[in-house]
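[1] Pasting the sequence and the predicted model now:
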Amino acid sequence: MTKKITVTENGPYLVEGGVPIAHQHIVTNAEGESLEWREGAAVAAPAKYALCRCGRSGTKPFCDGTHKRIGFDGTETASHEPYERQAGVIDGPAMVLEDAEGLCAFARFCDPHGQVWNLVQKSDPRSLKLVEHEAGHCPGGRLVAKHRATGAAVEPHFEPSIGLIQDTAQGTSGPLWVRGGLPVTGADGRPYEVRNRVALCRCGASSNKPYCDGSHASIRFNDKE
């Protein structure tokens with residue numbers, strides 16, 4: 001069975017192909033800066049399952065049909081344009097940083113050590129490693145670091161999988177972290193660009209559905225309710 005995700009009209013995400021799913025925790029320092037990811041408990045799931053998209057299911061992360069009762073409006077407003085057309089470019093002496101701001105999932109890995117947008121302007125080895133690290137840890141794929149000389153993107157390796165983001169520092173649960181090139185198709189049958197990492201809204205409040213726009217932080221979404 002092919003691994004894939006399908007957005008349903010005003011309903012859940014249908015996941016097929018036995019895609020593994022586990023909690024993914026944002027690890028912060030004493031100042032609350034995001035530093036690393038820590039994988040948490042795996043979630044038992046069948047080969048085909050439905051993940052809540054409205055944020056109100058009583059069986060999160062799975063759908064229990066609540067979207068029908070509350071009249072959830074899951075209208076998709078995200079662009080189908082390729083990432084390269086959406087992203088701005090910051091040129092540094094050794095690396096290039098691409099940034100599609102509309103894909104921000106508010107994980108904040110871009111902020112430590114003076115912010116990635118400033119770090120890419122430097123050429124010392126430490127700064128370049130931080131650019132690779134901070135851009136690669138961005139769950140929504142907003143940021144992509146590339147080597148200036150070759151144009152090659154620096155991407156972490158992921159097997160096809162889904163992470164349930166937990167943001168303890170902000171007191172909220174985050175989006176679905178979709179990894180490893182899992183294809184996502186809209187409710188109208190149109191595919192979104194296949195990417196190594198994207199973040200799909202699961203609080204129901206994003207204005208860029210199906211992608212996360214960070215709204216979970218403002219509404220303090222909690223998948224433990």
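    Nice, thanks for sending it over.
[2] Partner strands of the lengthiest strand in the chain, with direction?
    Secondary structure of the chain read by DSSP state E shows that its longest strand is strand 34-43. Looking at strand 34-43 with DSSP bridges, its partner strands are strand 21-28 (antiparallel).
[3] quick one, what contacts the residue nearest the centre of the chain?
    In the chain, the residue lying closest to the centroid (Cα atoms, centre = their mean) is residue 199, at 2.2 Å. Residues counted as contacts of residue 199 (Cβ atoms under 8 Å, 6 or more residues apart in numbering) are 103, 105, 139-141, 165, 174-178, 211-212. Where C-beta positions appear, they are placed from N, C-alpha and C, glycine not excepted.
[4] mind checking pLDDT for it?
    As predicted, residue 199 sits at a pLDDT of 99.
[5] Now it, what are its backbone angles?
    Recorded main-chain torsions at residue 199 are phi -120, psi 120, according to degrees, to the nearest 10.
[6] where does the protein have low pLDDT?
    225 (pLDDT under 70).
[7] buried sites along the longest strand of the chain?
    Using 16 or more other Cβ atoms under 10 Å as the test for burial, strand 34-43 gives 34-35, 37.
[8] re the thing from before, among the contacts of residue 199, which are located in strands?
    Per DSSP E, the subset of the contacts of residue 199 in strands is 165, 174-178.
[9] picking up where we left off before, between the buried residues of strand 34-43, which is closest to residue 99?
    Each of the buried residues of strand 34-43 was checked against residue 99 using Cβ to Cβ; the closest is residue 34, at 16.9 Å.
[10] how about the strands of this protein, start to end?
    4-7, 13-16, 21-28, 34-43, 48-51, 88-91, 95-99, 143-147, 153-154, 161-167, 172-179, 184-185, 197-200.
[11] Tabulate these (CSV), appending distance to residue 131.
    Formatted as CSV, the strands of the chain follow (distance: least, Cβ to Cβ, whole Å):
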stretch, distance to residue 131
strand 4-7, 29
strand 13-16, 32
strand 21-28, 19
strand 34-43, 15
strand 48-51, 32
strand 88-91, 10
strand 95-99, 5
strand 143-147, 5
strand 153-154, 8
strand 161-167, 22
strand 172-179, 20
strand 184-185, 27
strand 197-200, 16
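[12] Just list whatever residues bridge to the residue nearest to residue 45 when sequence neighbours are not counted.
    Nearest residue to residue 45, sequence neighbours excluded (Cβ to Cβ, 6 or more residues apart in numbering): residue 21, at 5.5 Å. As for beta bridges, residue 21 partners with residue 43, residue 162 under DSSP bridges.
[13] separation between the residue located most distally from the centre of the chain and residue 91?
    Computed with Cα atoms, centre = their mean, the maximum C-alpha offset from the centroid of the chain is found at residue 124, amounting to 29.1 Å. Separation of residue 124 from residue 91 (Cβ to Cβ, to the nearest Å) stands at 17 Å.
[14] Okay, angle between the longest helix that the chain contains and strand 95-99 too, please.
    Assignment by DSSP state H gives helix 125-136 as the longest helix of the chain. Helix 125-136 and strand 95-99 are oriented at 20 degrees to each other (axes from the mean of the first three to the mean of the last three Cα atoms, to 10 degrees).
[15] quick one: contacts of helix 125-136?
    Under the criterion Cβ under 8 Å, 6+ apart, residues 92, 94-95, 97, 109-110, 112-113, 116, 119-120, 122, 143-145, 154-156 lie in contact with helix 125-136.
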